[in-house]
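1. Predicted coordinates and the sequence they were generated for:
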Amino acid sequence: MTTAQLPATFRTKQLTPYVGYIRVSTWKEEKISPELQRKAILDWAKRNGSEITEWIEDLDTTGRNFKRKIMRAIEIVEKGREKGIAVWRYSRFGRDRAGNAINLARVETIGGQLVSATEPVDATTAIGRFQRGMILEFAAFESDRIGEAWAETHQHRRAKGLPATGRPRFGYIWHRRWNPRTETLQEEKYEPHPELGPIVAELYRRYSRKIKPQGFSALCAWLNKNGHRTTRGTLWSTPTLTRYMDSGFAAGLLRIHDDECKCNGRKTNGTCPNYFLAQGAHEELVDWDLWQAYRARRKEVQNTPPRARNTLYELTGLVRHGTCRGGTSMTTARWKTTGGKPYNKPGYAYRCTLRAQAGASACDSLWIPRTEVESEVEKWLKREAAPGIDTAPPTEDTTEPQVDERALAKQARGKLQGEYSTIEASLTRLIMDANDNPEKYPAGAFERARDTYLDRQEKIKKQLEKLVDVEETPKRSDFDRLVVGVAQEWRTLNTTERNAMLKQLVRRVALVRRKDENGEPIPGAEGIEVQVHPLWEPDPWEPARICRGPFGTVTPGLWLSAELWTRPDTWEQIPPR
């Protein structure tokens, strides 16, 4: 609704056009209804000879950033269509100090104005600008105070093994702290839903399975088709399902933002990478092995180019050039039919992508038919499967028990997570006690105790990172059944299935130029060796760590001592051409 238009004969002067901006905060005490804000702005326009030509509303939106529709209002003023922006109070414009200064300068630079319907301030004068600045600064102060209160609440909830925000979670029954039916307080907890819990586990299984895994879009279609909705009653979408499954809540984990991160919570929608997982108090819906398989599959998909996910060939996304260690691409062969008519045969041979893009000076030549490479990989697969088919692998005659490092790491991880939760609870109690009884703590005692807890937490985080590397280190025995099964069913699998199975076994397929007895490269496709790098063997292309030595020494002739300390900690050992 806009200001009522009067006939031209009754107008004494032309009304000044303004954009009316309404924002309803996410904080309950700041949830001023849109109708109340609209009425106040219309009353101001009537008193000051102005009209609201366009309304922009941000409902249930925070003012701590400017990722809002207010930016469209600023663009309208910059284009000269309206004189300025009218708000109910200056706090509706924003509560971010830097954002307020930058965006207010954008409006005023082109002669626009920001006016408040309930705070009569003349910003054209020095005292008026000072008053407006104080009002905006107080709004930012209130935002910071509320943020600190929420941070303490989140810390308390995490110490109890609860998520930072209490709300329904898909697959669980949420028992609120306040029971509206009995009007009593109760223990807040999450219990597995008897019907939706198995659905969540099936989502992780479908995504992580070895043969024909399903992506998030297919899983969303499956959920929506079977009538399953989000906790808000909406249809599932790929971003929503991705965030839910990546959070690890269904695996009994809590996704916690690192307190030392400098983003200050400004990066929303999970874009900040500084998160870690901690054990929660709720029961898991998926076991740890399935969760690890899901994370491995997620990492594999993220590192695979989109075009390589829908495979056309058996070795899509696996073949690398051994000289430059870069990728390869396909060449198209030109053939002729029996009648002499030419035709193209795409995907005929592999070539070096770097040489194709940058010329002969960038890398050595590489050309080998695709079928030859695929044949060599199949031979390698049969050789690896032969011990499992013909004879059982030899066993060592020893009475000493075999040590399973991964099982020990799994036990140690559970113990460390318990210690971390204990420290988290102790830190929360310390903060609450210091707040209630500050006289108990001499000067500096609280800070020393707090820093001690934080240092112990940091050490546990580093130990957990090392244990994850141990748990994820594969062994040859882990692949025995898979190798044998793939080799036996190789002829019955289609191209996509073969590619998917090879990616479970192979790190890469390297095309390396062989050399003769004189050290000269053997030309042509005959001089190319197909090397398969399996996952259970150390990566021969892994960047080597630099050993600077006690006096900064390294391999003689490799680097100068002066530049040794400016190099990174690792380097790729690419052989010279």
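-> That came through fine.
2. Please count neighbours and contacts with C-alpha atoms only from this point.
-> Fine.
3. And for residue 535, the neighbour number?
-> Residue 535 sits with 18 neighbouring residues when counted by other Cα atoms under 10 Å.
4. Would you list the phi and psi of it?
-> Here the main-chain torsion angles of residue 535 (degrees, to the nearest 10) amount to phi -70, psi -30.
5. so how far is residue 543 from it?
-> Applying Cα to Cα, to the nearest Å, the value for residue 535 to residue 543 is 16 Å.
6. What pLDDT does the model give residue 41?
-> pLDDT for residue 41: 92.
7. Can you name the helix or strand that it falls in?
-> Using DSSP states H and E, residue 41 maps to helix 34-47.
8. Flag every buried residue along that helix.
-> By 16 or more other Cα atoms under 10 Å, the buried positions in helix 34-47 come out as 34, 37, 38, 40, 41, 42, 44, 45.
9. can you list the domains in this structure?
-> 8-146, 172-303, 311-390+404-537, 543-577 (automatic domain parsing).
10. what's the next secondary structure element after the longest strand seen in the chain?
-> Longest strand in the chain by number of residues, with DSSP state E as the criterion: strand 342-352. Using DSSP H and E, the helix or strand that follows strand 342-352 in sequence is helix 353-358.
11. Report all helices and strands that that next one contacts.
-> strand 328-336 (3 or more Cα pairs under 8 Å, 6 or more residues apart in numbering; DSSP states H and E).
12. picking up where we left off before, which of the buried residues of helix 34-47 sits closest to residue 419?
-> Closest approach between the buried residues of helix 34-47 and residue 419, by Cα to Cα: residue 34, at 48.2 Å.
13. if we can go back for a sec, for the helix holding residue 41, enumerate the helices and strands it packs against.
-> By 3+ Cα pairs under 8 Å, 6+ apart, helix 34-47 packs against strand 16-23, strand 50-58, strand 84-87.
14. could you pull out the strands for the stretch 201-350 of the chain?
-> For the stretch 201-350 of the chain, the strands defined by DSSP state E, counting those that start in this stretch cover 253-257, 275-279, 319-321, 328-336, 342-352.
15. With mean neighbour count, mean pLDDT and distance to residue 370 as extra columns, can I get those in TSV?
-> Rendered in TSV, the data for the strands of the stretch 201-350 of the chain read as follows (neighbours: other Cα atoms under 10 Å; pLDDT from 0 to 100; distance: least, Cα to Cα, whole Å):
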stretch	mean neighbour count	mean pLDDT	distance to residue 370
strand 253-257	19	85	45
strand 275-279	17	83	43
strand 319-321	24	94	10
strand 328-336	15	87	8
strand 342-352	16	89	5
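16. Tell me which of those lies nearest to residue 299.
-> Distance to residue 299, taken as Cα to Cα, is lowest for strand 275-279 among those, at 16.0 Å.
17. Please pull out the lowest mean pLDDT helix or strand from the chain.
-> None of the helices or strands of the chain scores lower by mean pLDDT, DSSP states H and E than helix 561-564, at a mean of 52.
18. what bits of the chain have low per-residue confidence?
-> Judged by pLDDT under 70, the chain has its weakly predicted residues at 1-13, 26-31, 60-64, 66, 264-271, 305-310, 387-411, 466-474, 544-577.
19. So residue 481 lies in a helix, does it not?
-> Yes: Residue 481: assigned to a helix according to DSSP: H, G, I helix; E, B strand; the rest coil.
20. All further residue positions should be reported with the first residue as 304.
-> Renumbered: residue one is now 304, and that last one reads residue 784.
21. and it, how many neighbours?
-> Each residue near residue 784 was counted by other Cα under 10 Å, and the total is 13.
22. Could you report the distance from it to residue 660?
-> The gap separating residue 784 from residue 660 is 41 Å, by Cα to Cα.
23. ok, now residue 585?
-> From residue 585 over to residue 660 (counting by Cα to Cα), the distance is 53 Å.
24. Neighbour count: those two, which is higher?
-> More crowded of residue 585 and residue 660, by other Cα under 10 Å: residue 585, with 20 against 9.
25. Nearest to residue 423 among the strands of the stretch 504-653 of the chain would be which one?
-> The nearest among those, by Cα to Cα, is strand 556-560 at 41.1 Å.
26. Other residues contacting the closest one?
-> Residues outside strand 556-560 that contact it (Cα atoms under 8 Å, 6 or more residues apart in numbering) are 464-466, 550-552, 577-583, 587.
27. farthest pair in those residues?
-> Greatest spatial distance in the contacts of strand 556-560: 577 and 587, 23.5 Å, computed using Cα to Cα.
28. and these two? which has more neighbours close in?
-> Set side by side, residue 577 and residue 587 show more neighbours around residue 587, with 19 against 14, by other Cα under 10 Å.
29. right, and the more buried one touches residue 553 too?
-> Yes: contact criterion Cα atoms under 8 Å: residue 587 and residue 553 qualify, at 5.4 Å.
30. for this structure, longest helix please?
-> In the chain, assigned by DSSP state H, the helix with the most residues is helix 429-462.
31. Now do it and strand 578-582, the angle between them.
-> Angle of helix 429-462 versus strand 578-582, following axes from the mean of the first three to the mean of the last three Cα atoms, to 10 degrees, is 40 degrees.
32. hang on, the earlier thing: pipe the domains of the chain into CSV and attach distance to residue 457 per row.
-> CSV is the format used below for the domains of the chain (distance: least, Cα to Cα, whole Å):
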stretch, distance to residue 457
domain 311-449, 12
domain 475-606, 10
domain 614-693+707-840, 10
domain 846-880, 37
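33. so which of the ones you listed gets nearest residue 455?
-> Among those, the nearest to residue 455 by Cα to Cα is domain 614-693+707-840 (8.4 Å).
34. Determine how far the last residue of that closest one lies from the first.
-> 25 Å.
35. all helices in the stretch 554-703 of the chain, in order from the N-terminus.
-> Assigned by DSSP state H, counting those that start in this stretch, the stretch 554-703 of the chain shows helices spanning 591-605, 609-612, 656-661, 673-693.
36. Ok, the stretch 704-853 of the chain next?
-> Counting by DSSP H, counting those that start in this stretch, the stretch 704-853 of the chain has helices at residues 708-739, 748-775, 783-791, 798-806.
37. any idea how far residue 744 is from residue 459?
-> As defined by Cα to Cα, residue 744 lies at a distance of 21 Å from residue 459.
38. Pick out whichever of those two has more residues nearby.
-> The neighbour comparison of residue 744 against residue 459 (other Cα under 10 Å) goes to residue 459, with 20 against 12.
39. and the residue nearest to residue 753 when sequence neighbours are not counted, how many neighbours does it have?
-> Nearest residue to residue 753, sequence neighbours excluded (Cα to Cα, 6 or more residues apart in numbering): residue 730, at 6.8 Å. For residue 730, the neighbour count with other Cα under 10 Å is 21.
40. now swap in residue 485 and tell me
-> Close neighbours of residue 485, defined as other Cα under 10 Å, add up to 8.
41. Confirm that it sits in a strand.
-> No: with three-state DSSP as the criterion, residue 485 is assigned coil and is not in a strand.
42. what are the phi and psi angles of it?
-> Main-chain torsions, residue 485, degrees, to the nearest 10: phi -100, psi -10.
43. if I look at it, how far off is residue 588?
-> Residue 485 is 29 Å from residue 588, where distance means Cα to Cα.
44. same thing with residue 838?
-> Residue 838 sits 29 Å away from residue 588, going by Cα to Cα.
45. mind listing what the residue lying closest to residue 618 once chain neighbours are set aside touches?
-> Spatial nearest neighbour of residue 618, excluding adjacent residues (Cα to Cα, 6+ apart): residue 802 at 5.9 Å. Contact analysis of residue 802 by Cα under 8 Å, 6+ apart lists 614, 616, 617, 618, 619.
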